[in-house]
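J.: I would like to see how this sequence folds:
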Amino acid sequence: MDGSKINEKPVNESMLLEQGYRKYSGENLDIYYSKDICAHIGNCVRGNADVFEVGRRPWIIADNGSVEEDIRVIDSCPSGALKYIRKDGK
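T.: The predicted structure follows:
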């Protein structure tokens, strides 16, 4: 699943926040998470526990991984509960 899109359309911050996603800011990448969509499959935690750690607050720290690694993990989310916006415009 492409974590930068919803229904094949690029996401933007206002769209995600309006749909109930919570923002976790990073220097080069913002990660968004919707608890209402999450199926708790665990691909995120297994994909990179340095970034996604459920026992920590905040549980997502985008800067604990590279942009490419964060995107790889987010794209593995089968429910679409994780989305991202790159700050470099790519």
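
J.: in this structure, which helix is the longest?
T.: Using DSSP state H to define each element, the chain has its longest helix at helix 67-75.

J.: I figured residue 80 was touching residue 4, is that so?
T.: No - at 11.4 Å, residue 80 does not count as touching residue 4 under the criterion of C-beta atoms under 8 Å. (Each C-beta comes from the backbone N, C-alpha and C, glycine too.)

J.: thinking again about what came up before, and the longest helix of the chain, what's buried?
T.: Neighbour-count burial for helix 67-75, with 16 or more other C-beta atoms under 10 Å as criterion, is recorded at 67, 70, 71, 73, 74.

J.: host element of the residue located most distally from the centre of the chain?
T.: Ranked by distance from the centre of the chain (C-alpha atoms, centre = their mean), the top residue is residue 55, with 17.0 Å. If you go by DSSP states H and E, residue 55 is not part of any helix or strand.

J.: got a list of what residue 79 touches?
T.: Residue 79 sits next to 37, 38, 39, 41 when contact means C-beta atoms under 8 Å, 6 or more residues apart in numbering.

J.: run a quick neighbour tally on the nearest residue to it once chain neighbours are set aside.
T.: Closest residue to residue 79 apart from its sequence neighbours, by C-beta to C-beta, 6 or more residues apart in numbering: residue 39 at 4.2 Å. If you count neighbours by other C-beta atoms under 10 Å, residue 39 ends up with 11.

J.: now do the SS call for residue 39.
T.: Reducing the assignment at residue 39 to three states with DSSP: H, G, I helix; E, B strand; the rest coil gives coil.
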